[in-house]
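> Sharing a model that was predicted from the sequence below.
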Amino acid sequence: MASESKRMEKIFYYRVMRVLVLLLIFLMPAPAFSWQQVAVEELFEDGLNKSEIRDRAMRSGFRQAVSQEVDRIISGLISRQRSQALMEHLSGQVAGLVLGYRQVSWTEEDQTMVLEMEVNVDDQSLRSLLQEAGVYYTSISLLPYDLNTRGASPEDFSRLQELQLVTGTVVDGSAETRLSLSKSADGMWSGDIVHGDISTSAAGRDLDRVWYDLWAYYFSRPEIRSLFMGQMVLVTSGWSTTDSIMIFDDILGAWDREVEYRSILSVESDSYALGASWIIRSLSPDLLQEHLESYFGPRDIDYQVKLH
């Protein structure tokens, strides 16, 4: 009996250690990058040597890669005009978002130079920029807000329309979110944004900076983010190996348009199989449900989604 008791204790110990090791693996941060395949064509121009044309092609390739990564991350499809305005906003950030590139090939034809390469884009940093600008949350539906201005010129109003296009806001005098902007005689801008108990102010000489500072604070608030997404708990059972759970966790992380955040809550082991649960925040719960059905449908794994 003593021998059997020790054997059972060892089995229990190894099961516990197995679960602890699995949890540590899951808690390790995922790689924050994404490879994008790009192709750029540049015309030969008088006064530019091949080195200068290659530099221009590389810059265009980096911008294209970031633009493709934007399309992969955001939940909705945005217009070409909005995409161009967004990339103009991100133009000063492109170089910092590129972590590297590989498999570069150059092809010279009659009057053109063609560049093909894979670009490594900083996924996490880009996602943060899209969240701060608002487009991450408003790509599916625009955000109504009440705008009050003072001292703005016709040129300033024209610029405000472009800023609204990027952020995804539309003026509505009855909206709960209120933003006020004021321009002084010496050209300084000041503004504040209010939504219920949430409020902040910003000031500066650049309208763009004041605008994005206000909205970055607004979209950083958990109360605001919860307005745009649903939070749920995914409970699963029937996994045969830890590898299969890890593969599915990677798949969840790759569903960028449906999964804004996911984190493993628990891993359990019994005599027959493994169980695991995740907490998930999604901007598109219905699309996420479709992906889950498609993934688990042909597999012998039970799952349940609970609103949280």
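Perfect, thanks for sending it. Numbering: from 1, shown residues only.

> tell me which residues in stretch 139-156 are buried?
Across stretch 139-156, burial judged by 16 or more other CB atoms under 10 Å covers 139, 143, 145, 147, 152. The C-beta positions use only the backbone N, C-alpha and C, and glycine is treated the same way.

> Contacts for that stretch next, please.
Contact with stretch 139-156 is made by 74-78, 134, 137, 157, 160, 167-175, 177-185, 207, 283-284, as judged by CB atoms under 8 Å, 6 or more residues apart in numbering.

> rerun that using 7 Å as the cut-off
Outside stretch 139-156, the residues that touch it by CB atoms under 7 Å, 6 or more residues apart in numbering are 74-76, 78, 168-173, 175, 177-184, 207, 283.

> Check the separation of the first and last residues in stretch 64-80.
By CA to CA, to the nearest Å, the extent of stretch 64-80 from end to end equals 14 Å.

> Next: stretch 167-185.
Length of stretch 167-185, first residue to last, CA to CA: 27 Å.

> Tell me which of the buried residues of stretch 139-156 fall in strands.
Assignment to strands by DSSP state E places the following of those there: 143, 145, 147.

> Any chance of CSV for these, columns pLDDT?
Compiled in CSV, these are given as follows (pLDDT from 0 to 100):
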residue, pLDDT
L143, 97
Y145, 98
L147, 98
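
> any chance of these in TSV, with distance to A39 too?
Shown next, in TSV, are those (distance: CB to CB, whole Å):
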residue	distance to A39
L143	35
Y145	39
L147	41
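
> hang on, the earlier thing: narrow the contacts of stretch 139-156 to those that are buried.
For the contacts of stretch 139-156, a burial check counting by 16+ other CB under 10 Å picks out 74-75, 78, 168-169, 175, 177, 179-183, 207, 283.

> Looking at these, which is nearest V98?
I74 (19.1 Å; CB to CB).

> Hmm, R205 is touching S190, no?
No: with contacts counted by CB atoms under 7 Å, R205 stays clear of S190, the gap being 10.5 Å.

> which of those two has more neighbours?
S190 (16 against 12; other CB atoms under 10 Å).

> Please identify the pairing partners of the helix or strand where that one lies and their relative orientation?
In the assignment (DSSP states H and E), S190 maps to strand 189-195. If you go by DSSP bridges, strand 189-195 pairs up with strand 178-183 (antiparallel), strand 198-204 (antiparallel).

> Of these, which is nearest R299?
That would be strand 198-204 among these, by CB to CB, at 42.9 Å.

> Name the helix or strand for the residue sitting nearest the centre point of the chain, please.
In the chain, the centroid-proximal residue (CA atoms, centre = their mean) is R127; its distance is 3.3 Å. For R127, the element it lies in under DSSP H and E is helix 123-133.

> Tell me who's in contact with the closest residue to E260 other than its chain neighbours.
Nearest non-adjacent residue to E260, counting by CB to CB, 6 or more residues apart in numbering: R281, 4.7 Å away. Going by CB under 7 Å, 6+ apart, R281 touches 229, 231, 260-261.
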